[in-house]
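**Student:** Need coordinates for the following:
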Amino acid sequence: MTELTADELPNERIIAIDGTSGSGKSTVARGLGKDLGMHVLETGSLYRAVTLICLENDIDVHDEDAVCVAVEEMDFRYEGEPYLGLRHINADIRAREVAMNVSLVSVHPRVRAMLTQLMRHWIVQHGGGVIEGRDITTVVAPQAKVRVYIDAPEDVRAARRHSDPSDNTENRSQSEIQEVIAFRDNLDSTRTASPLVRADGVPEIDSSLYSAEKIISAIMESFASGEPVLL
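**Tutor:** Numbering: from 1, shown residues only. Model prediction:
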């Protein structure tokens, strides 16, 4: 695979969204994709897919070399929802065991570099898109036309995931979900490679203060005008 730099991306056709787990960034991304007619990539599904492969094949998630081999060999595609080959994995990658291990997989620098390249190739192939994750505004597409960081209080995020049947596929309690969220937040924000941070100049939105529709409208206005997102 040819290595792509951020300079080679169609940056004027990219909306980059970072944020914490359960902050609502996926809901906002999907809404933007629908309203703007743009493709959407939920990049966390790549890390979850790799994690699923590791768990199902007894690959040690702490072994960076072994995880890199899993990335090299996986047949992943994302067209609205994630697939491994012909297998639809949207429910599988939201299992508790995957959620508890995905941050251990994503901590590996070489794994992140490999998946960053997969993301960038996806962006080029689709002529841009709405890309959401944890290092999109800082690493994957730092020159995107619109960049935004979405967050919310931990208890609010846990409540959302608890009430979403597509996310809470195992009917976990809200306290258990909040425990997983806190665990992931800590690992993602303290890892050495591409930590979860709000980049300088990137506006932060507390999604507990605004409806998804309000946030989507503000980002669409920014995308049309080239001005920063304002709420």
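
**Student:** From now on I want contacts and neighbour counts done on CA atoms only, so please keep to that.
**Tutor:** OK.

**Student:** Give me the most central residue, the protein.
**Tutor:** By CA atoms, centre = their mean, the chain has its centre lying nearest to residue 133, at 2.4 Å.

**Student:** For the worst-scoring helix or strand of the chain on mean pLDDT, which outside residues touch it?
**Tutor:** Lowest on mean pLDDT, DSSP states H and E among the helices and strands of the chain sits helix 174-190, with a mean of 83. Here helix 174-190 makes contact (CA atoms under 8 Å, 6 or more residues apart in numbering) with 20-22, 99-100, 103-104, 107, 154-155, 157-159, 161-162, 195-197.

**Student:** And the helix or strand that it is followed by, what does it pack against?
**Tutor:** Moving toward the C-terminus from helix 174-190, the next helix or strand (DSSP states H and E) is strand 204-206. Contact partners of strand 204-206 among helices and strands, from 3 or more CA pairs under 8 Å, 6 or more residues apart in numbering; DSSP states H and E: strand 146-151.

**Student:** pLDDT of the strand it packs on, averaged?
**Tutor:** If you average the pLDDT over strand 146-151, you get 97.

**Student:** Check stretch 26-36 too.
**Tutor:** Per-residue scores along stretch 26-36 average to 97.

**Student:** for it, which positions count as buried?
**Tutor:** By neighbour count on 16 or more other CA atoms under 10 Å, the buried set for stretch 26-36 is 26, 28, 29, 30, 31, 32, 33.

**Student:** Adding distance to residue 170 and secondary structure, write these out as TSV.
**Tutor:** Formatted as TSV, these follow (distance: CA to CA, whole Å; DSSP: H, G, I helix; E, B strand; the rest coil):
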residue	distance to residue 170	secondary structure
26	20	helix
28	24	helix
29	24	helix
30	23	helix
31	26	helix
32	28	helix
33	28	helix
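
**Student:** quick revisit: the residue nearest to the centre of the chain contacts residue 40, correct?
**Tutor:** No: assessed by CA atoms under 8 Å, residue 133 is found out of contact with residue 40, at 11.2 Å.

**Student:** quick revisit: dihedrals phi and psi, the residue nearest to the centre of the chain?
**Tutor:** Dihedral angles of residue 133 (phi, psi; degrees, to the nearest 10) stand at phi 180, psi -140.

**Student:** and the helix or strand harbouring residue 15, which strands flank it?
**Tutor:** According to DSSP H and E, residue 15 maps onto strand 14-19. Strand 14-19 sits in its sheet next to strand 129-133 (parallel), strand 146-151 (parallel), going by DSSP bridges.
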